[in-house]
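Chemist: have a look; sequence and predicted model below, questions after that.
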Amino acid sequence: MTENTDASRTEAFFTLHHRLPRQSPGSDATTRRLLALAGPLPDRPRVLDLGCGPGRASLLLAAEAGAEVTAVDLHQPFLDELREAADARGLGDRIRTVRADMGDLTGPAFPAGSFDLIWAEGSAYCIGFATAVRDWQRLLSPGGAMMISECVWTTGAPSAGARVFWDRNGSLRTLPETTAAAVAAGCTVHAVLLQPDSDWDEYYGPLTERVADADPAAPGMEWALAATREELAVRRAHGAEYGYAAYVLRPADPRWTTRPETAADREAVHAVNAAAFPTREEADLVDALRADAGAWLPELSYVAEAPDGSVAAYALLTRCRIGDAPALALAPVATSPAHQRQGAGQAVVRAALDAARVRGEALVVVLGDPGYYARFGCVPASTYGIRPGFEVPDDAMMALVLDDSVPVPTGMIRYPAAFGV
C-alpha cells in the first residue's frame, strides 16, 4: 500500500465522520450516569477529556459539572468543531482544546497531579486499555478518578464471525479480563457500567445515514465505505456478543499492600477479627467458613498488610445464594484497632471486590452500616427484590452488582450454615 493510498483512506474515513455528533457509542444519559459514579468532585473540577473527538462529553462536563475541561485530540478538525460548539454555547472559557497524542502526555500542558477527573469515552483503544490505565494515573490529583470505556466480550464463547472481525480490529477481552488489566495496572474499580444498546444506536444511526450519502468515487472512499459497512453488519449480526464497558477507576491506596490470605496468615486473621469486634464470634465465623468447602473461596479471603508486613485489615467473600442463583456474602470486614480510620479497611474491601470481578462474579450482598458500604456502590438489596431471611432495617441489607450484563436474581438470601441464619 502506498503512502498516497494510506493518506486518501485516512481522509475518506474522517470525511465520513466529520460533523457526526459522536465518534463512538455513547449518550448524554450515559455520560451523566458515569459522572455521578465518578463523584464526588470539587465544585469546579479539572477534567482531561482524552480522544475527545468533536467533544460531546466535554460540552456536557463543562455545562453540567461546572468543569474546566482540557480536551485533547490529534485530529485538528474535531478540535475546531468543539471550539465552535463551545463558543456557541457560552462555554468557551470552560473548554481548552489541545492537539496532542494521548500516548505522549508530556510537557507543560500535562503536569503530574493536575486533573481531578480523566475522561476517555471510546478512545483508550488507540494506545491500549492497560497502557492508558497505567500511564494516565500520574496526571490525577489526590482522590482523582478516571473514566475509561473499553469494548469487551459480553459472552464467554464469541461466534466465529464476531471473533474474526475483532481479531482484525483490536482483540477484545472479557469483562473479568479487562478488570484484571485495570487492577494489574495499579487501580481499583469503583464502578463498571455496560453501556446500553441505545448508545450504539446514537453512534451508528447518524453514521449509517452518512454512509448512504457518501460519494464512493471520492479518493479512498470505496475502502472507507466497505470497512464501515462491515462494522455495521457485524454489529447487527453479533451485537449481543460484545459491548462497551465504562470503568470508573482510582489508583490503589499506596499505603496498603493487599493480597489473598495464605496459610501463614490464619492466626493473624483470627487475631485481627477478634480484636476488631466486641466478641470472638466473627473470628470463629471465619474459621468455620474456611472449613466449609461449599462456601469458602480461597482467592476471596483478603488481607491488607501494614508497612511492617503484619495483617492490618481483613475482608472475606464467601459463596451464598439468592434463591438458587450464586452470589457472594461480604462478611466479616475487620481492621486492627491500631490501623482503624486510616484507609486499611477500604483498601482490603476494594481489593476483595476487584478479585471477585476478576473471577467473573456478578453480585455481592452485605449487612452493615449503609453510610460505610455506600462508598463501594452498595444500595439497599430490596432495590433488586433481594431480602434476608431475618428482620433487619431495609437500608442495612445491601447489594452490589459487579457485572450488570448478568440478570440480578431476586428472592431470599441463603447464607452458608456457619452464619446461623
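Modeler: Great, that's in hand. Numbering: from 1, shown residues only.

Chemist: strands along the stretch 1-150 of the chain, start to end?
Modeler: Assigned by DSSP state E, counting those that start in this stretch, the strands in the stretch 1-150 of the chain fall at 46-50, 68-73, 95-99, 115-120, 140-153.

Chemist: turn these into TSV, columns for distance to A396.
Modeler: For glycine as for every other residue, the C-beta is placed from the backbone atoms N, C-alpha and C. Below are those laid out as TSV (distance: least, CB to CB, whole Å):
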stretch	distance to A396
strand 46-50	35
strand 68-73	39
strand 95-99	43
strand 115-120	31
strand 140-153	27
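
Chemist: ok, which of these comes nearest L285?
Modeler: Proximity to L285 (CB to CB) singles out strand 140-153 among the strands of the stretch 1-150 of the chain, at 33.6 Å.

Chemist: after the closest one comes which helix or strand?
Modeler: helix 160-168 (DSSP states H and E).

Chemist: taking their axis directions, that next one and strand 140-153 sit at what angle?
Modeler: 140 degrees (axes from the mean of the first three to the mean of the last three CA atoms, to 10 degrees).

Chemist: go through the strands of the stretch 1-150 of the chain and name the closest to G345.
Modeler: strand 140-153 (17.2 Å).

Chemist: in that closest one, what's buried?
Modeler: Within strand 140-153, the residues scored as buried using 16 or more other CB atoms under 10 Å are L140, G144, A145, M146, M147, I148, S149, E150, C151, V152, W153.

Chemist: check stretch 45-64 too.
Modeler: 45-63.

Chemist: so which of those belong to helices?
Modeler: R56, A57, S58, L59, L60, L61, A62, A63 (DSSP state H).

Chemist: now those in a markdown table, with distance to A418 and pLDDT?
Modeler: Converted to a markdown table, these look like this (distance: CB to CB, whole Å; pLDDT from 0 to 100):
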| residue | distance to A418 | pLDDT |
| --- | --- | --- |
| R56 | 51 | 97 |
| A57 | 47 | 97 |
| S58 | 52 | 98 |
| L59 | 53 | 98 |
| L60 | 48 | 98 |
| L61 | 47 | 98 |
| A62 | 52 | 98 |
| A63 | 52 | 97 |
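
Chemist: what would those look like in CSV with distance to A29?
Modeler: Converted to CSV, these look like this (distance: CB to CB, whole Å):
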residue, distance to A29
R56, 12
A57, 12
S58, 17
L59, 15
L60, 10
L61, 14
A62, 17
A63, 15
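
Chemist: ranges for the helices of the chain?
Modeler: For the chain, the helices defined by DSSP H occupy 3-17, 28-38, 56-64, 76-88, 129-136, 160-168, 175-184, 197-213, 221-238, 266-276, 281-290, 344-359, 370-373.

Chemist: please identify the most buried of these.
Modeler: Among these, helix 344-359 has the highest mean neighbour count (mean count of other CB atoms under 10 Å), at a mean of 24.

Chemist: how about stretch 238-254 as PDB, C-alpha atoms only?
Modeler: Extracted in PDB, the C-alpha atoms of stretch 238-254 (Å, rounded to 0.1, in the frame of the first residue of the first chain):
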ATOM      1  CA  HIS A 238     -23.300 -10.200  16.600                       C
ATOM      2  CA  GLY A 239     -24.200  -7.200  18.800                       C
ATOM      3  CA  ALA A 240     -25.300  -9.400  21.700                       C
ATOM      4  CA  GLU A 241     -21.700 -10.700  21.900                       C
ATOM      5  CA  TYR A 242     -19.800  -7.500  22.700                       C
ATOM      6  CA  GLY A 243     -20.300  -4.100  24.100                       C
ATOM      7  CA  TYR A 244     -18.700  -1.100  25.700                       C
ATOM      8  CA  ALA A 245     -17.900  -1.300  29.400                       C
ATOM      9  CA  ALA A 246     -17.300   2.000  31.100                       C
ATOM     10  CA  TYR A 247     -14.900   1.800  34.100                       C
ATOM     11  CA  VAL A 248     -14.600   4.300  36.900                       C
ATOM     12  CA  LEU A 249     -11.100   3.700  38.400                       C
ATOM     13  CA  ARG A 250      -9.000   5.200  41.100                       C
ATOM     14  CA  PRO A 251      -5.300   4.500  41.900                       C
ATOM     15  CA  ALA A 252      -5.000   1.800  44.600                       C
ATOM     16  CA  ASP A 253      -4.100   3.300  48.100                       C
ATOM     17  CA  PRO A 254      -0.300   3.000  48.100                       C
END
